[in-house]
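**Q** below are the sequence and a predicted model for it; my questions follow.
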Amino acid sequence: MYRIFMPVALVVMASWSQPLLAGDPVYKCKDENGKVSYQARACDGTEQVEKLPIRTSRTDSDEVEARARARRELLDSYAEQREARAAERAEAQAEREKKKQACEAARAELQKANQAKRMSRGEGDNKTYLSNEEISALKAERQTKVREACGR
């Protein structure tokens, strides 16, 4: 249906616009019943009401091209703005993910400190166990890191 309709519609529209494109005059006619019609030829057998002075002018291709160029530039600037906003969103998402990982790591360290029965420093022969005061200080320090990393 569409394949048949479109060519027919284009031909009809082209035939209607032919007089206007050629710059021919348009006649406003009125028949005996008072019905007004517009046609490209002088009225025959009907009362000619008026000859309409329709002027046509050629399209300035430079102006059309300038408008199209301006429109393309505007669309390009919109695309650049969208890309910049998308990059900003991606950067913000990466920053949020980084903060989330830091928060999780700080919480894991705090949980490890809270669950430990004994805590020590050093390794091997240099290993020394922490006193209760040192363990409390270490837990407080890790709690502070959790607050800083998690924003609480």
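**A** Now that the structure is in, tell me what you want to look at.

**Q** from Lys117, how far out is the residue of the chain positioned farthest from its centre?
**A** Note on the chain: the largest C-alpha distance from the chain mean falls to Asp125, namely 64.2 Å (C-alpha atoms, centre = their mean). With distances taken as C-beta to C-beta, to the nearest Å, Asp125 is found 22 Å from Lys117. Yep, even glycine has a C-beta here, placed from its N, CA and C like the rest.

**Q** now do the strands in this protein.
**A** 26-30, 36-39, 47-52, 120-121, 128-129 (DSSP state E).

**Q** what's near enough to touch Lys127?
**A** If you count contacts by C-beta atoms under 8 Å, 6 or more residues apart in numbering, Lys127 has them with Ser120, Arg121.

**Q** all further residue positions should be reported with the first residue as 34.
**A** Yep, numbering from 34; the last one is Lys160 now.

**Q** for the lengthiest helix in the chain, packing partners?
**A** When the chain is parsed with DSSP state H, its longest helix is helix 94-148. Applying 3 or more C-beta pairs under 8 Å, 6 or more residues apart in numbering; DSSP states H and E, we find helix 94-148 packed against helix 165-183.

**Q** could you give the angle of the longest helix of the chain to helix 165-183?
**A** Put simply, helix 94-148 runs at 160 degrees to helix 165-183, going by axes from the mean of the first three to the mean of the last three C-alpha atoms, to 10 degrees.

**Q** tell me the gap between helix 94-148 and the middle of its chain.
**A** Taking C-alpha atoms, centre = their mean, to the nearest Å, one finds the center of helix 94-148 at 13 Å from the center of the full chain.
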